[in-house]
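S.K.: Sequence plus predicted model, see below.
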Amino acid sequence: MIHASDRWESAILIALLSAIVLLTIVTAQRGRKYFVRRIPGLNAIDEAVGRATEMGRPILMVPGLSGLGVVGLQALTIFSYIIKTAAQFGNRLIMPTADSALYTVAEEVVRDSYTAAGKPEDYDPNSVYFLSDRQFAFASGVAGTIFREKVAASFLFGDFFAESLIFAEAGQQVGAIQVAGTVSTTQLPFFIASCDYTIIGDEYYAASAYISREPTLLGSLVGQDYCKIIILLVVLIGTIAMSIPALGAKWFFIQWFTL
């Protein structure tokens, strides 16, 4: 039996895809402007912050049950942008957390975001707090906060499970504009049905590049999209070649892609 580790074809493909990503990163750093399609949910952040300012009510940011993983850190990256935007207008911010490790990092992110916005004196240590690591205790606490504070904008980014609809319904009842994003496919239908904007799939991971427009992140994002296109083309061509023996390419694809 031939294993993938014994095949040089796999190494060539990986090297090719890696080279494409590195090339787009380098060209982006040298000033090339790559197009990234509009993501309505992220563009709605300014609208939501503006509405909260007009209404004089706070902004809620919920990282769900996220820990210190990729999903949780990505949520904090998005929240950092929201904080910097809100700091310019003096909005009050609320961020309840369900993970003690994420809570510690979130405090630093909020503090640094206020400093980066030139408003270090507006930072409130009580704006970030730990509620509970129990799912429905956390859900009850967040829902209670939404009703007591009557938040004007609610941002739900991170790992969510059965509590997602509790948050979204509570926000709807107080009239908050809601923007949600998660990689949990089982919860996306609830967010789509109950939130004003929902960030789906790869859009969640592309958020930091989209928001910051940092060349390295943009180059990496575009390079990965190119790689996906190449992989899809290989799959399409391989499917056609395997389906039509007369093309004579069946043996080639068997040799390259059969483990």
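M.R.: Structure's in. What do you need?
S.K.: Remind me which helix or strand residue 179 belongs to.
M.R.: strand 177-181 (DSSP states H and E).
S.K.: May I have the strands that pair with that strand, each with its orientation?
M.R.: Paired with strand 177-181 in the same sheet, following DSSP bridges, are strand 153-159 (parallel), strand 197-199 (parallel).
S.K.: And the residue minimising distance to the centre of the chain, how far from residue 182?
M.R.: Taking CA atoms, centre = their mean as the criterion, residue 204 is the residue nearest the geometric centre of the chain, at 2.7 Å. To residue 182, residue 204 is 7 Å away according to CB to CB, to the nearest Å. Glycine gets a C-beta too; all of them are placed from N, C-alpha and C.
S.K.: and for these two, which residues touch both?
M.R.: 71, 157 (CB atoms under 8 Å, 6 or more residues apart in numbering).
S.K.: pLDDT (mean, whole number) over stretch 170-184?
M.R.: In this model, stretch 170-184 has an average pLDDT of 94.
S.K.: So what's the residue count around residue 83?
M.R.: 28 (other CB atoms under 10 Å).
S.K.: next one: residue 15
M.R.: Using other CB under 10 Å, residue 15 has 10 other residues around it.
S.K.: buried residues in the helix or strand harbouring it?
M.R.: For residue 15, the host element (DSSP H and E) is helix 8-29. Residues of helix 8-29 classed as buried by neighbour count (16 or more other CB atoms under 10 Å): 13, 17, 20-21, 24-25, 27-28.
S.K.: Likewise for stretch 119-135?
M.R.: 119, 122-123, 127-128, 130-131.
S.K.: I'd like the distance between residue 12 and residue 19.
M.R.: 10 Å.
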